[in-house]
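1. Quick one, fold the following:
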Amino acid sequence: MDTQLLNAFVEVADHASFTRAADSLHLSQPAISKRVTTLEQQIGAPLFDRIGRQITLTDAGRALLPYARKTLQDIEDARRALSQLTTQVSGRLSIGTSHHIGLHRLPPVLREFTERYPDVDLDLHFMDSEIACEAVLSGRLELGIVTLPLAPIPNLDTCAVWHDPLAVVAAPTHPLARLRRPQLGDLAAHPAVLPDAATYTHRIVRQALQHLGLEPRVRLATNYLETLKMLAGIGLGWSVLPLSMVDATLKVIHIPGLRMQRSLGSARHRHRAVSRAAQALLDLLPTAP
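-> All right, here's what the predicted structure looks like:
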């Protein structure tokens, strides 16, 4: 079986959508559909039930999926291992990173990397850090440059690169910004706009607040820190953002005893070979102070 056909099948199965699978592989939807149809013809059985817009695996699809994953991962592991036998840094490097890190931390690293290693096909995916870590563990990505998880995850090796202090912020016109000595109770009196509950950043914030006995009143949650910055800047609520994002649209609200920080860094699978391209990128990352 052609690995391109298997890859298309796995992506459709993972996304439960031909459209999202096409976006993930940077192909058109007809191209994805054709690959899946060709694979179905080769094995002599349908792999998906297509009822309206809903896509579900058939019995044949469920039987094939683990073998397809293993085949693709074995090939990828072989490619990475073989890359260690040459001094040339080339081939494909699949990376997942968050929008915040991709916008604010990675550009100088990626600029130097692409200048030094023009033969590397950089496959960059923007996604939540939690999803990137899962993709590294499943073998879909070789590296994650992410907000690091609060607790160790089996088979995931992480390395801190940037310490990222967090601050309570609000619009300069917000009632909290007018207080001379705001206290924890003042936060409770106003709604918050915070990172989504599924994110590592939200867990860091909630743990710090709960440690001091505060359960925030969340008006709105989103995965995108840039969106939270805008919402806080227009006065919709107070928020918690990286200190590096604070500008004239926001004021830092200093709360006695409240200190928050997250770690940003790399994540890779502990038991899989590291390609020369991946190692070259890791070597370019700064060392955490």
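
2. hey, where'd the helices end up in the stretch 151-289 of the chain?
-> With DSSP state H, counting those that start in this stretch, the ranges of helices along the stretch 151-289 of the chain come out as 184-188, 200-211, 225-233, 276-284.

3. which parts of the longest one are buried?
-> By that I understand helix 200-211. The neighbour-count check on helix 200-211 (16 or more other C-beta atoms under 10 Å) flags 200-206, 208-209 as buried. To be clear about C-beta, it is placed using only N, CA and C from the backbone, and glycine gets the same treatment.

4. same deal with the last one?
-> Using 16+ other C-beta under 10 Å as the test for burial, helix 276-284 gives 276-281.

5. just the shortest one next, same as before
-> Buried positions in helix 184-188, judged by neighbour count with 16+ other C-beta under 10 Å: residue 187.

6. what does it contact?
-> Contacts to helix 184-188, defined as C-beta atoms under 8 Å, 6 or more residues apart in numbering, come from residues 168, 176, 179, 209, 212-217, 238, 253, 255-258.

7. For the protein, give me the ranges with low pLDDT.
-> 1, 84-86, 288-289 (pLDDT under 70).

8. can you point me to the longest helix in it?
-> As assigned by DSSP state H, the longest helix anywhere in the chain is helix 59-83.

9. Show me what it is packed against.
-> When contacts are defined as 3 or more C-beta pairs under 8 Å, 6 or more residues apart in numbering; DSSP states H and E, helix 59-83 packs onto helix 3-15, strand 91-97, helix 276-284.

10. need those in TSV with distance to residue 224, can you?
-> Shown next, in TSV, are the helices and strands packed on helix 59-83 (distance: least, C-beta to C-beta, whole Å):
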stretch	distance to residue 224
helix 3-15	20
strand 91-97	14
helix 276-284	25
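
11. What are the boundaries of the strands in the stretch 51-200 of the chain?
-> Assigned by DSSP state E, counting those that start in this stretch, the stretch 51-200 of the chain shows strands spanning 54-57, 91-97, 120-126, 143-147, 156-170, 192-195.

12. what helices or strands is the last one leaning on?
-> Under the contact definition 3+ C-beta pairs under 8 Å, 6+ apart, strand 192-195 sits against helix 200-211, strand 218-222, helix 225-233, strand 239-242.

13. Need these in JSON lines (columns: distance to residue 143).
-> Output for the helices and strands packed on strand 192-195, formatted as JSON lines (distance: least, C-beta to C-beta, whole Å):
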{"stretch": "helix 200-211", "distance to residue 143": "17"}
{"stretch": "strand 218-222", "distance to residue 143": "26"}
{"stretch": "helix 225-233", "distance to residue 143": "21"}
{"stretch": "strand 239-242", "distance to residue 143": "22"}
